[in-house]
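Undergrad: Fold the following for me, if possible:
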Amino acid sequence: MAGMIMDAVLMLLLVAAVGYGVKLERKLTALRAGQLAFAQAVTDLNAAAGRAEAALATLRASGQETDLLHDRIIKAREVKQQLEALIARGPAPVSRRTEDEAPAPVAATLSPIVATEDEDRARRMAALAERIQGLAGPSGGRRAAAPGRDNVASIVQALSAGRSANQTAKQNLNAARRNLDDDLFAA
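TA: Alright, predicted model coming up:
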């Protein structure tokens, strides 16, 4: 009988060990599943970090392109202002006449003016003549004519010659605009 009690106690201990082994197996299975899920989460996190790095690189490149475009726009605005200033400084276009028409004499178009207005006008004409002669370049050591009506002929001549200069300035402006558009939209 003592052997049977000992066998019964051993059987109970074996049943308890088997029950504990089953319980431990379930915990190990859950732990393995958790480990696989953790490994998958680490893989996903690594992929997300790679995508974030790529996005940051793209963002940096876009920022540099934006800075470059901003600088180009600022330069383009400066060039535009310079060209507009050059066009504004250029002589006004003269109305076109046919070759048969002779220019009207300037002296015939002038009316008698009061002395103070005449002097003021002469000073302004002399200043304009100096500006025109300065734009035309040095004229071989010839000094500007004395203020007065003698400068009117040189002013009229400069205005008629200024038409081609104005056309050239407009062509240069259009070429610069095309180049600027090509530069801005090429990038």
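Undergrad: Which helix or strand contains Arg60?
TA: Arg60 is part of helix 2-89, with elements assigned from DSSP states H and E.
Undergrad: Quick one: mean pLDDT for that helix?
TA: If you average the pLDDT over helix 2-89, you get 90.
Undergrad: now for it, which elements pack on it?
TA: Packing contacts for helix 2-89, counted by 3 or more CB pairs under 8 Å, 6 or more residues apart in numbering; DSSP states H and E, involve helix 151-186. For glycine as for every other residue, the C-beta is placed from the backbone atoms N, C-alpha and C.
Undergrad: Now do the helix it packs on, average pLDDT.
TA: This predicted structure assigns helix 151-186 an average pLDDT of 69.
Undergrad: going forward, begin numbering at 34 instead of 1
TA: From this message on, residue numbering opens at 34, which makes the last subject helix 184-219.
Undergrad: What's the local residue count around Leu102?
TA: 15 (other CB atoms under 10 Å).
Undergrad: Same question for Phe71.
TA: By the other CB under 10 Å criterion, the neighbourhood of Phe71 contains 10 residues.
Undergrad: Could you check how far it is from Ala85?
TA: Using CB to CB, to the nearest Å, Phe71 is found at 21 Å from Ala85.
Undergrad: go on, Arg110?
TA: Counting by CB to CB, the separation of Arg110 from Ala85 is 37 Å.
Undergrad: again with Ala202
TA: Using CB to CB, one obtains 53 Å as the distance from Ala202 to Ala85.
Undergrad: Compare those two and say which is more crowded by neighbours.
TA: Neighbours were counted for Ala202 and for Ala85 using other CB under 10 Å; Ala202 has more, 18 against 10.
Undergrad: Spit out the contact partners of the more buried one.
TA: Taking CB atoms under 8 Å, 6 or more residues apart in numbering as the criterion, Ala202 is in contact with 116, 119-120, 123.
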